[in-house]
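Q: could you look at this predicted model? Sequence included:
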Amino acid sequence: QVQLVESGGGLVQAGGSLRLSCAASGRTLSNYARAWFRQAPGQEREFVAGINWRVRSTYYADSVKGRFTISRDNADKTMYLQMNSLKPEDMAVYYCAAAARLWAGVPTSLGAYDYWGQGTQVTVSS
């Protein structure tokens, strides 16, 4: 079993930055894809960024490319999402997710991920 706990959300002005963290406990996730998703009120949960260390691959949604960076620590216990140049449309609950199956790259669909955190709120004021 895997437990994921997000932190780092909060209130920031447009143009500002936040760094989200996702701490993992339980089984090792070294060879499995992990990702950040977000869900705004009344919207579907959407893929933001993902990382698959086994194949040294990262992938970003077009809406965040060039502004967000996904990374992990060397112990592979914590995943990060550095968010710069935040916009009001980035405001959402952000969730981290981990897959329990091996993927060739970075999957972007919700169904590819088996473990989810409880989410952390990101609020961007204009």
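A: Alright, I've got the coordinates.

Q: what's the closest non-adjacent residue to Ser63?
A: Nearest residue to Ser63, sequence neighbours excluded (Cβ to Cβ, 6 or more residues apart in numbering): Glu89, at 7.6 Å. C-beta here means a position set from N, CA and C on the backbone, and glycine is covered the same way.

Q: and what of Gln43?
A: Ala92 (7.6 Å).

Q: can you read off the pLDDT for that neighbour?
A: Model confidence at Ala92, expressed as pLDDT, equals 98.

Q: cool, Asp76 as well?
A: 69.

Q: next: Arg56.
A: 86.

Q: would you mind measuring from it to Arg67?
A: Distance of Arg56 to Arg67, computed by Cβ to Cβ, to the nearest Å: 22 Å.

Q: quick one: which of those two has more around it?
A: Arg67 (15 against 7; other Cβ atoms under 10 Å).

Q: surely that one is in contact with Gln82?
A: No - counting by Cβ atoms under 8 Å, no contact exists between Arg67 and Gln82, whose distance comes to 9.1 Å.

Q: list the beta-bridge partners for the residue nearest to Gln43.
A: Counting by DSSP bridges, Ala92 forms beta bridges with Val122.

Q: how close does it sit to Asn31?
A: Distance from Ala92 to Asn31, by Cβ to Cβ: 29 Å.

Q: ok, Trp116 next?
A: For Trp116, the distance to Asn31 - Cβ to Cβ - is 19 Å.

Q: neighbour count winner among these two?
A: Trp116 (16 against 13).

Q: name the nearest residue to the more buried one, sequence neighbours excluded.
A: Trp116 sits nearest to Ala97 (Cβ to Cβ, 6+ apart), 5.2 Å away.

Q: double-check that that neighbour belongs to a helix.
A: No - counting by DSSP: H, G, I helix; E, B strand; the rest coil, Ala97 is not found in a helix; it is strand.

Q: name whatever forms a beta bridge with it.
A: Ala35, Trp116.

Q: now do Leu20
A: According to DSSP bridges, beta-bridge pairing links Leu20 with Leu81.

Q: contacting residues for it?
A: Applying Cβ atoms under 8 Å, 6 or more residues apart in numbering to Leu20 gives the contacts Glu6, Ser7, Gly8, Gly9, Trp36, Tyr80, Leu81, Met83, Tyr94, Cys96, Thr120, Val122.
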